[in-house]
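Student: Any chance you could fold what I've pasted below:
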Amino acid sequence: MSAADDQADVRKVLAGDISAFEGIVRRWQGPLVNLAYRFCRDRARAEDMAQEAFLRAYRALGRWRQDSLFSTWLFAIATNLYRSELRRIPAAVPLDSVAEPRHPGAPDGGLEEHDRDDAVRRAVAALPPKYRDALVLFYFQEQDVGAAARALGLPEGTVKARLARGRDILKEKLARAWRTVHA
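Tutor: Numbers count the residues shown, from 1 in each chain. Below you'll find the predicted structure:
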């Protein structure tokens with residue numbers, strides 16, 4: 001995925017070659033669907049949300065100022081859309097639904113690595129949106145603080161604070177679940 005390819009395709013689309021947008025979609029469809037899935041945990045809904053993000057990006061293409069990477073701009077559009085969509089129709093995952101251990105006497109509660117990963121992902125999904133969004137972009141989408149801040153439209157310091165608070169909430173909730181299992 002090259003920034004030069006994105007810029008070339010944007011120039012072509014703005015010059016009237018709308019078929020060039022297909023290159024953008026091919027490059028970014030997987031990452032946008034994956035990002036949406038991290039927000040809603042529903043593959044069909046994630047695909048619909050990504051499609052809507054592409055539609056919004058296409059309509060706003062002339063407003064991309066090119067002072068940041070196209071991908072940063074696209075992810076900001078997608079993140080804002082996904083957050084709005086989840087406020088409109090929440091994808092509720094209660095923290096109480098964190099995976100139950102298979103063997104409570106085992107040192108790890110009997111959770112295999114996949115089960116632990118799934119439990120953490122579900123716990124992240126149950127966080128308040130302002131913490132969840134920052135954690136998803138930073139850890140799951142592997143964006144740096146600056147890119148996550150731009151995508152969320154927030155100052156970097158705010159994103160750092162939300163990451164710290166989100167991690168604290170997760171530690172507390174997962175530790176509480178661990179103590180409950182081992183009580």
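
Student: State the mean pLDDT of the helix or strand hosting Glu52.
Tutor: Assigned by DSSP states H and E, Glu52 belongs to helix 43-60. When pLDDT is averaged over helix 43-60, the result is 94.

Student: which residues are in contact with that helix?
Tutor: 13, 21, 24-25, 28-29, 32-37, 39-40, 73-74, 77-78, 81-82, 85, 91 (CB atoms under 8 Å, 6 or more residues apart in numbering). Every residue, glycine included, has its C-beta placed from N, CA and C.

Student: If we go by neighbour counts, what in that helix is buried?
Tutor: 45-46, 49-50, 52-54, 57 (16 or more other CB atoms under 10 Å).

Student: try stretch 57-75
Tutor: Neighbour count says stretch 57-75 has 57, 61, 64, 70-75 buried, by 16+ other CB under 10 Å.

Student: From the residues you listed, which land in helices?
Tutor: Among the buried residues of stretch 57-75, the members falling in helices (DSSP state H) are 57, 70-75.

Student: And the furthest pair within those residues?
Tutor: Maximum pairwise distance among those (CB to CB): 12.0 Å, between Ala57 and Thr72.

Student: Return the list of helices and strands in contact with the stretch of helix or strand Val33 belongs to.
Tutor: Secondary structure from DSSP H and E places Val33 in helix 21-40. Under the contact definition 3 or more CB pairs under 8 Å, 6 or more residues apart in numbering; DSSP states H and E, helix 21-40 sits against helix 3-14, helix 43-60, helix 70-88, helix 113-125.

Student: Which of the ones you listed sits closest to Ala148?
Tutor: helix 70-88 (8.7 Å).

Student: Which SSE is immediately downstream of the helix or strand of the chain with the lowest mean pLDDT?
Tutor: The helix or strand of the chain with the lowest confidence, counting by mean pLDDT, DSSP states H and E, is helix 113-125 at a mean of 70. Counting by DSSP H and E, the next helix or strand C-terminal to helix 113-125 is helix 129-135.
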